[in-house]
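**Q** predicted coordinates and the sequence they were generated for:
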Amino acid sequence: MMKTVTELQKKLDALPESKRTQRIELLAEIAWETGYDDLEGAQKTTDKVLKLAADLGYEYGTALGQRNLGFLCYASADFKQALVHSKNAVEYFDRIQNKDQCANTITIMGLIYWSLGNYDFSVEQLGKSTRYFREIKNYERLAWALTILGGVNEDLGEHERALNYHQESMTYFRDAKNSLGEARALTGIGTVYMGMKRYEEALECHQKSLKIYEKIDNKVGLSRAYNDIGLIHQEQGDYKRAMVCHQKSLEIRLELKNKHIIITSRLNIGKLYNQMKSADEALKALQEARDLAEEVEAKPKLYQIHHALSVAFELRGELKYALLHLRLYESVKDQVFSEESSAKVKNMEIQHEVEAAEKEAEIHKLRNIELKAALDDLQQAQVQLVQTERMAVLGQLTAGIAHEINNPIGAAKSSADISLRGIRKIKSELEGISNGSFKTLDKTLKIMEKNGHTTMAAVERISKIVGSLKNFSRLDEAEYKLVNLHEGIESTLTLLQYSFPDSVTVEKKFGDIPEILVYPNRINQVFMTLLTNAVQAVDENGRITIETKLEKMKVVIEISDNGKGIPDEIKEKIFDLSFTTKGKRVGFGMGLYNVYNIIQNHSGEISVESEIDTGTRFMISLPLK
């Protein structure tokens, strides 16, 4: 496991900060792999995953975090919260249609229900996940689900069925070269064989698992293997070998500082000394176990310890203390069984609360869906109303500007034209005259002629801008009509020309496309928004390319740039309401939302491709009819 975590951490360290979604996923997997070995560390990492995912609005990251919380709560025996988080994860995975992780989380739910003693629910959940994993041929995850099914059936006394599940899981783990899984399957098989009193077969399985745990340096598994082998030797009366195994198991568990499994090892050693008639050594081991069990309130172990202490004092002939511990054994045992009954009731209450919460959440979800649909309709209507009002104001403004500018432009053009014609006539009359005064006059006339041409060029440019402005807004063409898209693009470029840095190059690759039926003013809005974004995205020596072509009875317009690019985690939201591409393509507004709606209203399609520091390309396709 540690090797896996180390490898994941190296990948995380090598990943750029800009790859935020991938970093979230790696952090989630690090927490998942850490699991039992460091619950506190796994919890901190999972908390970080959930915060980063929430800040980014990344649902898959949130789902992974909820999945991890479900397992961590299970490992901490908080089964109620384990179920809540696991069900949250399933809901997220189901919404984003990630069936693989959904089934994986359902496997965890099977584990939780098993711990709650709700075997029917456990088998039901595990049945769902195993069917799915078989269907998609994910045999490694199938193997883990089968391992849990083996444990459930072992508890139910279904030894043969449990054995079949463990053996099948071991086959899949071996095929996947999953050493930890193979060792766990062998542990399960060995435990079933021991319950069936098939000690030699049980011993063989546990010895195989021991070698694997040693090879992969899994100390928790290693301590379990030594413990199980010790118990088999104990049952067979080979006390010397049993003691060696129990002592090795204890040594590892002391290193792990896991108090619950330390108690188990000391109790097993105490019982073994009792069988060996070594009362003093038994008392020492059992008293250490008792002190630790009282500290952590491990009552199921404590009543067993009192029974073993009673046997040890009886061996020493101290019947008074033997009787005392026998009474304590009965007292604590009664408490345990009483608490177990209460726990079963409590587990039923937990299940009832979870089911009630699920029903309430479903009702709330349905209400939210209805409210969201109404809100979306309202927002879209509001945006369209605002846009209509804006275009109406723009239309009036443009009409006024065009009218006011056209008259003086006409006058200036006429005056410049008359002046040029007058100058040409004067020059023709002066031809042939060679005295000095007329030469000076001729030079002056040439300067005036050049100035007249400059004035005409300026007037023509102003006329072109006014024409482009009228063409862009198409105030007199609000209806659906045949339009030359190249004219709209050219008009937009003319209006944007002032905002283009000198170092930015615009490349036009206009194909042979027919006129198509559109709302001209709306389509021109699309060109204006996309080209404005492209200008704002590029740096010095930037390049913007506009390409048009005909493909499969559709006109395709592609507008691309070599600018900043759009991060992967927000690309999917780029056409949402309140998203814009100002500056580095991150902000809030209605620009691309309107673009999307305009293209949709024309029965067209729009998509985007982008890569950080490489550029962005918007692709629009509009039907010919």
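**A** Ah, there it is. Residues are numbered from 1 along each chain as shown.
**Q** every contact and neighbour count from this point should use C-alpha atoms.
**A** Will do.
**Q** which strands and helices sit next to the helix or strand containing Q247?
**A** Per DSSP states H and E, Q247 falls inside helix 239-256. Applying 3 or more CA pairs under 8 Å, 6 or more residues apart in numbering; DSSP states H and E, one finds that helix 239-256 contacts helix 219-236, helix 259-275.
**Q** can I get these in a markdown table with distance to N98?
**A** What follows is the helices and strands packed on helix 239-256, written out as a markdown table (distance: least, CA to CA, whole Å):
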| stretch | distance to N98 |
| --- | --- |
| helix 219-236 | 32 |
| helix 259-275 | 37 |
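**Q** want to throw these into a markdown table with mean pLDDT and distance to Y193?
**A** A markdown table is the format used below for the helices and strands packed on helix 239-256 (pLDDT from 0 to 100; distance: least, CA to CA, whole Å):
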| stretch | mean pLDDT | distance to Y193 |
| --- | --- | --- |
| helix 219-236 | 93 | 10 |
| helix 259-275 | 91 | 20 |
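**Q** and for the helix or strand harbouring L27, what's in contact with it?
**A** Using DSSP H and E, L27 sits in helix 20-34. Contacts made with helix 20-34 from outside it, assessed by CA atoms under 8 Å, 6 or more residues apart in numbering, are listed as 1-2, 4-5, 8-9, 11-12, 15, 17, 41-43, 45-46, 49, 52-53, 58, 61, 64-65, 68, 569.
**Q** go again using 7 Å as the cut-off
**A** With CA atoms under 7 Å, 6 or more residues apart in numbering as the contact definition, helix 20-34 has outside contacts at 1, 5, 8, 12, 42, 45-46, 49, 53, 61, 64-65, 68, 569.
**Q** go on, stretch 554-567?
**A** Counting by CA under 7 Å, 6+ apart, 513, 534, 537-539, 542-550, 584-585, 610-624 sit against stretch 554-567.
**Q** could you redo the last one with a cut-off of 8 Å?
**A** Counting by CA under 8 Å, 6+ apart, 18-19, 513, 530-531, 534, 537-539, 542-550, 584-586, 610-624 sit against stretch 554-567.
**Q** list buried residues within those residues.
**A** The neighbour count (16 or more other CA atoms under 10 Å) marks 513, 530-531, 534, 537-538, 542-546, 548-550, 584-585, 610-611, 615-624 as buried among those.
**Q** in helices, which of these appear?
**A** Those of those mapping onto helices are L530, L531, A534, A537, per DSSP state H.
**Q** out of these, which is nearest to K481?
**A** Of all those, K481 sits closest to L530, with 22.4 Å by CA to CA.
**Q** OK, contacts around the closest one?
**A** So L530 contacts I559, F618 (CA under 8 Å, 6+ apart).
**Q** against L550, how distant is it?
**A** From L530 across to L550, the span is 20 Å (CA to CA, to the nearest Å).
**Q** now swap in Y60 and tell me
**A** 38 Å.
**Q** repeat that for A279.
**A** In terms of CA to CA, A279 sits 95 Å off from L550.
**Q** and for G190?
**A** Distance from G190 to L550, by CA to CA: 69 Å.
**Q** and T191, by the same measure?
**A** 70 Å.
**Q** go on, T46?
**A** For T46, the distance to L550 - CA to CA - is 50 Å.
**Q** surely V608 is in a strand?
**A** Yes: counting by DSSP: H, G, I helix; E, B strand; the rest coil, V608 falls inside a strand.
**Q** which residues touch it?
**A** T616, R617, F618, M619.
**Q** switch these over to CSV; also include pLDDT and distance to E487.
**A** Below are the contacts of V608 laid out as CSV (pLDDT from 0 to 100; distance: CA to CA, whole Å):
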residue, pLDDT, distance to E487
T616, 93, 24
R617, 94, 21
F618, 94, 19
M619, 95, 19
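**Q** out of these, who's nearest E154?
**A** Out of those, the member with the shortest distance to E154 (by CA to CA) is T616, at 58.3 Å.
**Q** my guess is that closest one contacts K571, does it?
**A** No: taking contacts as CA atoms under 8 Å, T616 lies outside contact range of K571: 10.6 Å.
**Q** need the overlap of contacts for these two.
**A** Here T616 and K571 have S610 as joint contacts, going by CA under 8 Å, 6+ apart.
**Q** please tell me how far L315 sits from R174.
**A** Following CA to CA, the distance that separates L315 from R174 is 48 Å.
**Q** equivalent analysis for E281, please.
**A** Taken as CA to CA, the span from E281 to R174 is 42 Å.
**Q** mind listing what N88 touches?
**A** Here N88 is in contact with A63, Q66, R67 (CA under 8 Å, 6+ apart).
**Q** thought the second one was touching E91?
**A** No: counting by CA under 8 Å, E91 is not a contact partner of Q66; they are 10.1 Å apart.
**Q** neighbour count: these two, which is higher?
**A** More crowded of Q66 and E91, by other CA atoms under 10 Å: Q66, with 27 against 14.
**Q** that one: helix or strand, and which one exactly?
**A** Using DSSP H and E, Q66 falls in helix 59-75.
**Q** that helix vs helix 20-34, what angle?
**A** Angle between the axes of helix 59-75 and helix 20-34 is 10 degrees (criterion: axes from the mean of the first three to the mean of the last three CA atoms, to 10 degrees).
**Q** can you put the contacts of helix 20-34 in a markdown table and add pLDDT and distance to N153?
**A** Output for the contacts of helix 20-34, formatted as a markdown table (pLDDT from 0 to 100; distance: CA to CA, whole Å):
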| residue | pLDDT | distance to N153 |
| --- | --- | --- |
| M1 | 47 | 27 |
| V5 | 78 | 32 |
| L8 | 84 | 35 |
| L12 | 87 | 40 |
| A42 | 88 | 30 |
| T45 | 92 | 34 |
| T46 | 92 | 32 |
| V49 | 91 | 35 |
| A53 | 91 | 38 |
| G61 | 92 | 34 |
| L64 | 94 | 29 |
| G65 | 92 | 30 |
| N68 | 91 | 26 |
| E569 | 73 | 44 |
